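Asks: One predicted model, sequence on top.
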Amino acid sequence: MNDLMRRLLFLPEQGSAYARQVDSLHYFVITMTMLGFVGVATAVLVFAIRYRRRQEGESTPHVEPRTIHEVLFVGGPLALFLLWFAIGYPLFVRLQTPPKEAMDVYVMGKKWMWKFSYAGGPNGVDTLYVPAGRPVRLLITSRDVIHSFYMPAFRLKQDAVPGRYTQTWFQADKPGRYEIFCAEYCGVGHSAMLGHLVVMAPAEFDEWLAASRRSRVAEVDAAQDSGQRDSSPVTTLVEQGRRLASVYGCFACHTVDGTPHIGPTWLDLYLRRDPLEDGTSVVADEAYLTESMMDPRAKIVKGFQPVMPTFQGRIPGPEVAAIVEFIKSLRTSTVHPEPTKGPNYELIPGRGPVPKP
Amino acid sequence: MSSFPAAVPFPSREAGGDAPAFNERNYLVQRRGLRSWVFTLDHKRIGVIYLVLTSLGFLLGGIYAMLLRIELLTPGPTIMDAMSYNKTFTLHGVVMIFLFMIPAIPGIFGNFFIPLMIGARDVAFPRLNLFSVYLYLLGAGIALYGMIHGGADTGWTFYTPYSTTTITKVWPILLGAFVLGMGSIVTGLNFIVTIHTLRAPGITWMKMPLFLWALYATSVIQVLATPVLGITLLLTAVENVFGFGIFDPARGGDPILFQHMFWFYSHPAVYIMILPAMGAITEVLCAFARKNIFGYKAVAFSSLGIAFVGFFTWGHHLFTSGQSTVDAGIFGVLSMFVGIFTAIKVFNWTATLYKGSISFQTPFAYVVAFIFFLIFGGMTGVALATVSLDVHWQDTYYVVAHFHFIMVGGTITGFLAALHYWWPKITGKTYSEKWGLVAAVFIFLGFNFTFIPQFLLGNSGMPRRYYSYPERFWPLNVASSAGASVLALGFLMVAAYLLLSLKYGKPAGPNPWGSRGYEWNTLSPPPEENFLEQPAYPRAPHDYTDAAAAEGTR
């Protein structure tokens, strides 16, 4: 029954007990709505036929309601609506009251990415890792404008408001991968501000968290030693640049396969001559690429909107160099078939909601 | 009871009597020349001017809507880039709400029919009435300037801090909406005074046509709530241009404050849009069922009830904003009361049909559509007020579908019912009944095909204002766009046969529907002075009993 209704209503998979309970209320509400509609519609159509006009200028009797009619007209819907509320509101209270033992994750929305931080590290962008079967509290804020953290599979949404923290919580049933949307309009990248939730088995998650913390400690140590971060010798500068570009969310707007997106593609960008909005043109050398990260509105390439945020003070020098090296490596002749786009939201087979025709 | 001469058998008796089929000496031609229109103080001409202007607004908003639906035909870019899409949905909302939904029914039918329904020569302040037209033109002009020179990308809700930091030029559109709001206040004030002071002897409050009760409630909201919108828009414009910091958390401001202020107006504004439609529907329903309304007082007072409770529901737009749990509960319950008042109307309308004499002509077809859509639009609204369901639906296509059911399914359907019902009185001509029904079917089906898929899109989690979307939302978006084309075709058909009727339509006669609404007590089209002789009002409007027939005067 649940599954049938869920598919009829195009609802996504239910990721938590809360989602199932909200859906039950949904089924009840929609069923009552349909019954009410059928009742009134039948009455209207039956009257329209039964009392159709038989001759022009007919007289009709003067009919006034008795008090009982109006009492029923008010009382019936009132009782029904309050019943809905009596079921719905406690669910909302539950959603607003995270359990004490919940694990905290800090969520920050910014144009146009989600940043997730765990107490004691690590940080991540666009992918939220949580354990199954344990409550997780999200403490949500925004760096710039209002965003809204939305996970349809958990029937969960909470605005990210600059200057304040809002909270919500959930407890995922089982490991899987789920969509995260931004639901509050935030500009040209609004519909590309996607993330995903990865629910892991508890043991697996603990291991992941410990490993991430270890590597973060190592990172900090290395940074203290050499004054640099991310200078692990095992990767090339280009590889580092690719990784950093992903961490900083560059791929939300820039592609590396030549398709135009919110920002210019990086493929063959190095040493390309691009026309600017003001009619002049510029050669995309190292200086221009660096300037574009630090002061993105200084030179706007024709046909694009000045929407890129500045990364001044957010990316250390060596990392800028790595990203520039990565861009330089993107030549048509040498381009790699992957990664091509921003985060990829294909669903894991058998996991995601299956739209039925 | 009356200081006027006794009731004179007036030409508009149902049989037609000795009245001319088409009144040659009517308000449209009694004065000639451009000046007579530009400086007209005649409420009927002002109604016609509003009809032309708001129809153009509806056309513009409709073009934006079609552009949006075309863009959403594919998951990625289709015909425009993200920035253009954002500007388009902003302008669709701004134009539809401020240039059509709010001014249309009060501006056209309120202006035209309030004096006719209360037996008055004009509204209380004819010059103020003309002033409101010029405020509309000025506001529309400023907003249009803003659209041509850049256009805003904030959505019609102008949420801060996005609207105060956007690179697009928002202030002209904010200022335009501000001026349009002034026009709305002036119209509301005028109507309140008119209804209070200019009712002809015999028309007591409890004998007023119910359309007037609805407009009265609307006017109260316009006068009380619109100033708050003015303040909010001005603050936003000032913050955007000069950086005041009222809504900026970095300087002690609060972005959520904007939402409270904005919805304090904009939620009651929803009732500014739907109440006049409910009033018009009541008139049309009674005329085509030849029946007194079932529960006059219940229908009249439920309009006031909606206007009153409407002021205390704004917080239901903020359920996910971090508003306190208690507040959410209170706003949830209060929002449901709007549903109760609406339910009273729906049940009373339905009961009015009982033992009626129902003629299923075009205006009545829109009445039926209106009732169907209002049940769905209303009950999905109550579902949103259960709070926990809203968390999933907030800012998704479910909400979009819900308010389009009220705005398009309610207001526009009510507008079309009113337009078809009163067209013979306004123009003196009849339109093609056959095409009227065909277009009504197109609009009914097109509407359902457009917006039912959007409910399902919202259920499946598609947020609103999305330029691109994951592929699993594709089929429903295509269905919605297809429905929108049918809907647009329906509207074009209406425009076509109505315009053709001006030239080729048969003369309507004073009262083609045999209605006993007071406004039919004169010639079609009415003379400038409205009535040749002061009519008397011995009976309530829409009294179709044998006794009323025996008197034979209306």
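Replies: The structure has been received and is ready for your questions.
Asks: List the residues that contact B:G61.
Replies: B:L91, B:H92, B:V95, B:M96, B:L99, B:F100 (CB atoms under 8 Å, 6 or more residues apart in numbering or on different chains). Using the backbone N, CA and C atoms, a C-beta is placed for each residue, glycine as well.
Asks: Not counting its neighbours along the chain, what's nearest the second one?
Replies: What that stands for is B:H92. B:Y64 (3.7 Å; CB to CB, 6 or more residues apart in numbering or on different chains).
Asks: The fifth one now?
Replies: Computed as CB to CB, 6+ apart, the closest residue to B:L99 that is not its neighbour in sequence is B:G57, at 3.2 Å.
Asks: Secondary structure element for residue 308, which one?
Replies: All of this refers to chain A. Counting by DSSP states H and E, no helix or strand carries A:M308.
Asks: ah, no, chain B please
Replies: In this assignment (DSSP H and E), B:F308 forms part of helix B:296-309.
Asks: Okay, now the unreliable bits of the chain?
Replies: Going with chain A. In the predicted model, chain A carries pLDDT under 70 at residues A:216-236, A:333-357.
Asks: switch to chain B, that's the one I care about
Replies: B:1-19, B:551-554.
Asks: 80 instead, please
Replies: B:1-20, B:548-554 (pLDDT under 80).
Asks: Contacts only, for B:D543.
Replies: Counting by CB under 8 Å, 6+ apart, B:D543 touches A:H62, B:N292, B:R516.
Asks: mind listing the strands for chain A?
Replies: A:103-110, A:113-118, A:123-125, A:127-131, A:135-142, A:147-151, A:156-160, A:166-171, A:176-182, A:195-200, A:273-275, A:281-283 (DSSP state E).
Asks: In chain A, which residue sits nearest chain B?
Replies: Here chain A gets closest to chain B at one residue, A:G163, 2.4 Å apart by CB to the nearest CB.
Asks: dump the residue contacts of that residue.
Replies: A:G163 touches A:T141, B:P249, B:A250, B:D254, B:P255, counting by CB under 8 Å, 6+ apart.
Asks: Test my guess that the second one contacts A:R164.
Replies: Spelled out, it's B:P249. Yes. Counting by CB atoms under 8 Å, B:P249 does reach A:R164; the two are 7.1 Å apart.
Asks: Could you list the residues of the stretch 151-300 of chain A in contact with chain B?
Replies: A:152-153, A:155-159, A:161-164, A:166, A:179, A:181-192, A:262 (CB under 8 Å from any CB of the partner chain).
Asks: of these, buried ones?
Replies: By neighbour count, with 16 or more other CB atoms under 10 Å in any protein chain shown, these hold A:152-153, A:155-159, A:161-164, A:166, A:179, A:181-192, A:262 as buried.
Asks: how far away is B:M407 from chain A?
Replies: 19 Å (CB to the nearest CB, to the nearest Å).
Asks: who's in contact with that residue?
Replies: Counting by CB under 8 Å, 6+ apart, B:M407 has contacts B:M96, B:M101, B:M273, B:I274.
Asks: Point out the ones among those that are inside helices.
Replies: Residues of those located in helices (DSSP state H): B:M273, B:I274.
Asks: could I get the contacts of B:M407 as TSV with neighbour count and distance to chain A?
Replies: TSV is the format used below for the contacts of B:M407 (neighbours: other CB atoms under 10 Å in any protein chain shown; distance: CB to the nearest CB, whole Å):
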residue	neighbour count	distance to chain A
B:M96	25	17
B:M101	27	20
B:M273	27	22
B:I274	26	17
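Asks: B:P525: what secondary structure?
Replies: coil (DSSP: H, G, I helix; E, B strand; the rest coil).
Asks: Not counting its neighbours along the chain, what's nearest residue 171?
Replies: By default, I'm working from chain A. Nearest to A:Q171 is A:P135, by CB to CB, 6+ apart, at 4.6 Å.
Asks: Can you look at chain B instead?
Replies: B:A237 (4.5 Å).
Asks: one step back: C-terminal to the helix or strand hosting the residue nearest to B:L99, what's the next element?
Replies: Using DSSP H and E, the element containing B:G57 is helix B:43-71. Counting by DSSP H and E, the next helix or strand C-terminal to helix B:43-71 is helix B:82-94.
Asks: what does that following helix contact?
Replies: With CB under 8 Å, 6+ apart as the criterion, helix B:82-94 contacts A:185, A:187-191, A:262, A:305, A:307, B:61, B:64-65, B:67-68, B:71, B:80, B:143, B:147, B:151-157, B:168, B:173, B:176-177, B:465, B:467-468.
Asks: angle of it against helix B:43-71?
Replies: Angle, helix B:82-94 to helix B:43-71, by axes from the mean of the first three to the mean of the last three CA atoms, to 10 degrees: 150 degrees.
Asks: I'd like the next helix or strand past helix B:82-94.
Replies: helix B:104-105.
Asks: quick one: the following helix or strand past that next one to helix B:43-71, angle?
Replies: Next helix or strand after helix B:104-105 toward the C-terminus (DSSP H and E): helix B:111-118. If you take the same axes, to 10 degrees, helix B:111-118 sits at 130 degrees to helix B:43-71.
Asks: ok now helix B:111-118, how far from the chain's centre?
Replies: Offset of helix B:111-118 from its chain centre (CA atoms, centre = their mean, to the nearest Å): 17 Å.
Asks: Go through the following helix or strand past that helix and flag the buried ones.
Replies: Later in the chain than helix B:111-118, the nearest helix or strand by DSSP H and E is helix B:126-148. The neighbour-count check on helix B:126-148 (16+ other CB under 10 Å) flags B:126, B:129-133, B:135-136, B:138-140, B:142-144, B:146-147 as buried.
Asks: and if you look at stretch A:51-70?
Replies: In stretch A:51-70, counting by 16+ other CB under 10 Å, buried: A:Y51, A:R53, A:T60, A:V63, A:P65, A:H69, A:E70.
Asks: Please name the residues that touch residue 193.
Replies: By default, I'm working from chain A. Residues in contact with A:M193 (CB under 8 Å, 6+ apart) are A:G109, A:K111, A:W112, A:M113, A:W114, A:H147, A:F181, A:C182, A:C186, A:A252.
Asks: Chain B is the one I meant
Replies: Contacts of B:V193 (CB under 8 Å, 6+ apart): B:A124, B:F125.
Asks: how far away is it from B:E519?
Replies: 19 Å (CB to CB, to the nearest Å).
Asks: Repeat that for B:G322.
Replies: Here B:G322 is placed at a distance of 50 Å from B:E519 (CB to CB).
Asks: and the residue of the stretch 401-550 of chain B nearest chain A?
Replies: Counting by CB to the nearest CB, the stretch 401-550 of chain B gets nearest to chain A through B:G461 (2.8 Å).
Asks: And for chain B?
Replies: For chain B, CB to the nearest CB, closest residue to chain A: B:P249, 2.4 Å.
Asks: Just give the closest residue to that residue, not the sequence neighbours.
Replies: B:P249's closest residue in space is A:G163 (CB to CB, 6+ apart), at 2.4 Å.
Asks: For the one you found, grab phi and psi.
Replies: The phi and psi torsions at A:G163 (degrees, to the nearest 10) take the values phi 90, psi 0.
Asks: can you confirm B:T282 is in a helix?
Replies: Yes. Membership of B:T282 in a helix is supported by three-state DSSP.
Asks: these two touch, right, it and B:F211?
Replies: Yes. Contact between B:T282 and B:F211 holds when scored by CB under 8 Å: they sit 6.6 Å apart.
Asks: separation between the residue minimising distance to the centre of chain A and A:V46?
Replies: The centroid of chain A falls nearest to A:F181 when counting by CA atoms, centre = their mean (2.0 Å). Distance, A:F181 to A:V46, using CB to CB: 44 Å.
Asks: cool, B:D42 as well?
Replies: The value you get for B:D42 to A:V46, if CB to CB is used, is 44 Å.
Asks: who's more crowded, these two?
Replies: B:D42 (27 against 12; other CB atoms under 10 Å in any protein chain shown).
Asks: what's the distance between the more buried one and B:A280?
Replies: As for B:D42, its distance to B:A280 is 21 Å (criterion: CB to CB).
Asks: Repeat that for B:F39.
Replies: 29 Å.
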